[in-house]
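>>> missing the sequence, but the structure's below:
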């Protein structure tokens, strides 16, 4: 059995508010008496893609075992590489593969520099196929920032991942793909993509409101939340959501 904590959209900037909300979530995860096999952060780690923001992110991530992350549309590939990965600055997509227990996590870069919507570049899809081939029969999670489906939230749907038919055609050829995990929407959501579970992590820095709830797009006062994904020995995936209120 593998237990994962999944958060997204921490948007660390020069304001203490973003740091406090992210710290609240990570402190909660670090205090859990049970073992987490990994923590996933699916994009928008920094708010403006500045080196000093990534320095704060690196401090926040320190002490977290098996912390996996990928860029979002607010991230900048150069500073991201330099500060978080210890690499030379480059504008190439940031794609990384990790193995946690028996499972493989393909952390894909769905960002388009200078734009808010998402797209998996051809080189990213080629890289993902190589990961799927190398995984053999191991269960694989495909992870990125932008949802590749409509969530029926007009603001988010306008900046979703495009070209998703290419991704669907790829992953349907590999039956060991367990689920697609993403962020970007600033609200927890569950759907399907290419016949697989599509699970969207709740946002940490803020919550996007549903159009039938209010005329406001974003609520800054809703407490942050986290998703817990459990992959059992029969490869059944179960997800729980937990709101992180002060004091937890």
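Sure thing, it's come through. The structure displayed is predicted, hence computed values, not measured ones.

>>> let's verify the residue lying farthest from the centre of the chain: helix, strand, or coil?
Farthest-out residue of the chain from its mean C-alpha position, per CA atoms, centre = their mean: residue 215, at 26.6 Å. Following DSSP: H, G, I helix; E, B strand; the rest coil, we place residue 215 in the coil state.

>>> then residue 132?
helix.

>>> for the closest residue to it other than its chain neighbours, what are phi and psi?
Leaving aside its sequence neighbours, residue 132 sits nearest to residue 174 (CB to CB, 6 or more residues apart in numbering; 4.4 Å). For every residue, glycine as well, the C-beta is placed using N, CA and C. Main-chain dihedrals, residue 174, degrees, to the nearest 10: phi -130, psi 100.

>>> list the contacts for residue 174?
Neighbour list for residue 174: 132, 135, 140 [criterion: CB atoms under 8 Å, 6 or more residues apart in numbering].

>>> how many other residues sit next to residue 147?
28 (other CB atoms under 10 Å).

>>> helix, strand or coil for it?
Reduced to three states by three-state DSSP, residue 147 is coil.

>>> quick check: residue 226 is in a helix.
No - counting by three-state DSSP, one finds residue 226 to be strand, located in no helix.

>>> any chance you could map the helices in the chain?
16-31, 51-61, 77-79, 122-135, 154-157, 164-171 (DSSP state H).

>>> and the pLDDT at residue 216?
pLDDT recorded at residue 216 is 88.

>>> which residues does it contact?
Per CB under 8 Å, 6+ apart, neighbours of residue 216: residue 209.

>>> what's the spacing between it and residue 222?
Using CB to CB, to the nearest Å, we find residue 216 at a distance of 11 Å from residue 222.

>>> about what we covered before: a markdown table for the helices of the chain, including mean neighbour count?
Below are these laid out as a markdown table (neighbours: other CB atoms under 10 Å):
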| stretch | mean neighbour count |
| --- | --- |
| helix 16-31 | 16 |
| helix 51-61 | 18 |
| helix 77-79 | 18 |
| helix 122-135 | 16 |
| helix 154-157 | 14 |
| helix 164-171 | 16 |
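
>>> got JSON lines for these, with distance to residue 201 and mean pLDDT too?
Shown next, in JSON lines, are the helices of the chain (distance: least, CB to CB, whole Å; pLDDT from 0 to 100):
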{"stretch": "helix 16-31", "distance to residue 201": "11", "mean pLDDT": "95"}
{"stretch": "helix 51-61", "distance to residue 201": "16", "mean pLDDT": "96"}
{"stretch": "helix 77-79", "distance to residue 201": "21", "mean pLDDT": "97"}
{"stretch": "helix 122-135", "distance to residue 201": "20", "mean pLDDT": "98"}
{"stretch": "helix 154-157", "distance to residue 201": "13", "mean pLDDT": "96"}
{"stretch": "helix 164-171", "distance to residue 201": "18", "mean pLDDT": "98"}
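
>>> so which of these gets nearest residue 242?
helix 16-31 (8.3 Å; CB to CB).

>>> that closest one vs helix 51-61, what angle?
Interaxial angle, helix 16-31 versus helix 51-61 (axes from the mean of the first three to the mean of the last three CA atoms, to 10 degrees): 20 degrees.

>>> from the contact counts, what lies against helix 16-31?
Helices and strands touching helix 16-31, by 3 or more CB pairs under 8 Å, 6 or more residues apart in numbering; DSSP states H and E, are helix 51-61, strand 225-231.

>>> and the angle from the last one to helix 16-31?
Going back to what we said before, that points to strand 225-231. Orientation of strand 225-231 against helix 16-31 (the same axes, to 10 degrees) gives an angle of 30 degrees.
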